[in-house]
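# Structure for this input, please:
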Amino acid sequence: MADVAIVGAGPVGLYLGILLLQQGLDVTILEQRSSPSPHSRAIGIHPPALSALREAGVAGALTAEGLPIRNGIARSRGRLVQGVSFAAASPSSPFILTLKQARTEAILEARLRSLAPGALRRGVRVDSVHDAGSHVTLHTSPSAGAGEAGGSHAVGSGAGDCGVTRARLAVGADGAHSTVRRELGIPTRGRDYPDTYLMGDFPDSGADGATAVLYLEPAGIVESFPLPGGLRRWVVHTDVLLDGATADCLAGHVFRRTGVAVDPGANSMLSAFGVRSRLAVRLVQGRVVLVGDAAHQISPIGGQGMNLGWLDAAALAPIMAAALAGRPTGRLLERYQQGRMAAARRASRLAGLNMALGRPQPASFLSVRNAAVAWALRNPGLNNAVARRFTMQ
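Sure, this is the predicted structure:
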């Protein structure tokens with residue numbers, strides 16, 4: 001029997017596994033994907049999360065590969081609105097680090113395997129979760145494609161056998177469509193937003209250097225973030241969800257609103273997405289805890305979701321270690337649940353503000369709003385407060 005079974009080997013599940021292994025615990029991570037995902041969704045690592053990642057021994061590797069963004073600017077119809085510096089917001093990490101999620105996960109997985117080579121079991125789908133009072137039983141089966149990339153070997157390794165994994169505690173880190181949350185019967189509350197976006201990665205012209213740029217345009221916001229490897233991610237607000245859109249379509253939106261030409265032939269990632277907000281009504285139930293998107297799904301605009309999950313894990317790991325050592329943790333778990341739900345609500349409100357800022361607006365209203373924003377951000381104290389808010393501090 002493992003000490004802890006974690007369902008989901010995304011960035012949050014891997015990070016939590018590392019923290020628990022460093023505490024000397026026996027950890028099993030069950031992941032239905034037979035191989036790591038090549039797709040890169042989240043790219044921003046905020047200062048509080050980078051500080052937490054130091055506890056897992058991966059901050060150095062992430063910083064070495066990532067690109068630090070120290071400044072952000074807003075433009076509108078060809079003119080500078082105002083800039084924000086992240087340098088003063090966090091003296092220890094005076095930047096937002098950008099790195100594709102696939103690389104972030106690879107660095108976390110390498111660290112995990114260095115601590116416990118057999119802890120991660122790929123190609124395993126969790127079908128049911130049962131809290132037996134003294135332990136948690138997870139019934140599993142090989143997921144589709146489990147024979148690829150070593151998945152079939154993973155099914156037969158680690159804790160548990162014959163499709164059953166038992167652990168003293170369990171964690172659902174299995175994303176927005178969490179099987180663990182569903183099996184526990186925990187409902188969620190939230191809303192679907194009308195906002196839709198199209199994003200893609202293109203070669204960076206270098207004109208803006210390592211600066212994040214927001215284009216506040218009448219037709220809707222365009223966001224631009226530099227990435228390692230001479231790339232830049234572009235995100236545009238769209239009127240409808242553009243499933244099946246091409247790189248030419250995204251390049252056209254970018255050029256019409258900003259005047260910046262990107263090469264659609266050199267596009268390396270393209271994705272259309274809508275936005276929803278969901279918060280589980282409770283994060284702790286018996287011997288099972290929810291973290292990350294399984295606990296709270298927020299808008300990706302603002303790049304808070306992955307970071308929020310890491311901070312969940314950092315707060316949870318010492319409580320789990322204490323519980324497994326036989327110390328009373330009821331009050332700690334209650335405070336954990338209250339604190340992390342409050343953090344998720346704050347993040348959701350900020351994401352809502354970010355989306356409101358980027359919706360299409362009449363040019364006349366946009367001019368007045370931009371002038372007010374520029375005037376306010378000339379105040380150093382307010383400028384720093386905004387920088388701290390947008391870097392999750």
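
# can you give me the strands for the stretch 201-350 of the chain?
Along the stretch 201-350 of the chain, the stretches classed as strands by DSSP state E, counting those that start in this stretch are 211-215, 222-227, 231-238, 269-280, 284-285, 288-290, 296-297.

# among the ones you listed, which is nearest residue 168?
strand 288-290 (11.1 Å; CB to CB). All C-beta spots, glycine's among them, are computed from the backbone N, C-alpha and C.

# Show residues contacting the closest one.
Applying CB atoms under 8 Å, 6 or more residues apart in numbering, the contact partners of strand 288-290 are 129, 131, 136, 169-173, 178, 180-181, 184, 186, 280, 283-284, 316, 320, 333.

# Report the strands that pair with that strand, each with its relative direction.
The strands that strand 288-290 pairs with in its sheet are strand 164-172 (parallel), strand 284-285 (antiparallel) (by DSSP bridges).

# Can you give me the buried ones in that strand?
Within strand 288-290, the residues that qualify as buried are 288-290, counting by 16 or more other CB atoms under 10 Å.

# Quick check: bridge partners of the nearest residue to residue 5 once chain neighbours are set aside?
Ranked by CB to CB, 6 or more residues apart in numbering and with sequence neighbours excluded, the top spatial neighbour of residue 5 is residue 167, at 3.6 Å. Beta bridges link residue 167 to residue 2, residue 136, judged by DSSP bridges.

# same thing with residue 172?
residue 7, residue 290.

# Look up the pLDDT of it for me, please.
On the pLDDT scale, residue 172 is placed at 98.

# just checking, it touches residue 291?
Yes. Look at residue 172 against residue 291 with CB atoms under 8 Å: they come within range, at 7.2 Å.

# Name the residue in those two with the higher neighbour count.
Taking neighbours as other CB atoms under 10 Å, residue 172 and residue 291 compare with residue 172 leading, 31 against 28.

# In contact with residue 45, which residues?
By CB under 8 Å, 6+ apart, the neighbours of residue 45 are 53, 62, 66, 96-99, 104, 306-307.

# Helices of the stretch 51-200 of the chain, start to end?
59-65, 101-115, 151-155, 179-184 (DSSP state H, counting those that start in this stretch).

# follow-up on the earlier one: distance check, the residue nearest to residue 5 against residue 49.
26 Å (CB to CB, to the nearest Å).

# Over to residue 371?
In terms of CB to CB, residue 371 sits 34 Å off from residue 49.

# One more: residue 308?
From residue 308 to residue 49 the distance is 8 Å (CB to CB).

# Any regions of the stretch 51-200 of the chain where pLDDT drops low?
145-162 (pLDDT under 70).

# and with 90 instead?
Across the stretch 51-200 of the chain, the ranges flagged by pLDDT under 90 are 86-94, 143-162.

# tell me the domain ranges of the protein?
Following automatic domain parsing, the chain resolves into domains at 2-43+101-187+281-352, 68-99+192-275+359-390.

# Export these as TSV, with columns for distance to residue 57.
Output for the domains of the chain, formatted as TSV (distance: least, CB to CB, whole Å):
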stretch	distance to residue 57
domain 2-43+101-187+281-352	6
domain 68-99+192-275+359-390	16
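
# looking at these, which is buried most?
domain 2-43+101-187+281-352 (a mean of 20; mean count of other CB atoms under 10 Å).

# how long is it end to end?
40 Å (CA to CA, to the nearest Å).

# cool, stretch 91-105 as well?
OK, stretch 91-105 end separation, CA to CA: 26 Å.

# Equivalent analysis for stretch 233-248, please.
So stretch 233-248: terminal residues 15 Å apart, CA to CA.

# again with stretch 83-91
Terminal-residue distance, stretch 83-91 (CA to CA): 19 Å.

# contacting residues around the residue lying closest to residue 267 once chain neighbours are set aside?
Distances taken as CB to CB, 6+ apart put residue 247 closest to residue 267, at 3.6 Å, once the chain neighbours are dropped. Listed by CB under 8 Å, 6+ apart, the contact partners of residue 247 are 200, 202, 264-265, 267, 270.

# Now with 7 Å, please.
200, 264, 267, 270 (CB atoms under 7 Å, 6 or more residues apart in numbering).

# and which of those is nearest to residue 345?
When the contacts of residue 247 are compared against residue 345 (criterion: CB to CB), the nearest one is residue 200, at 30.9 Å.
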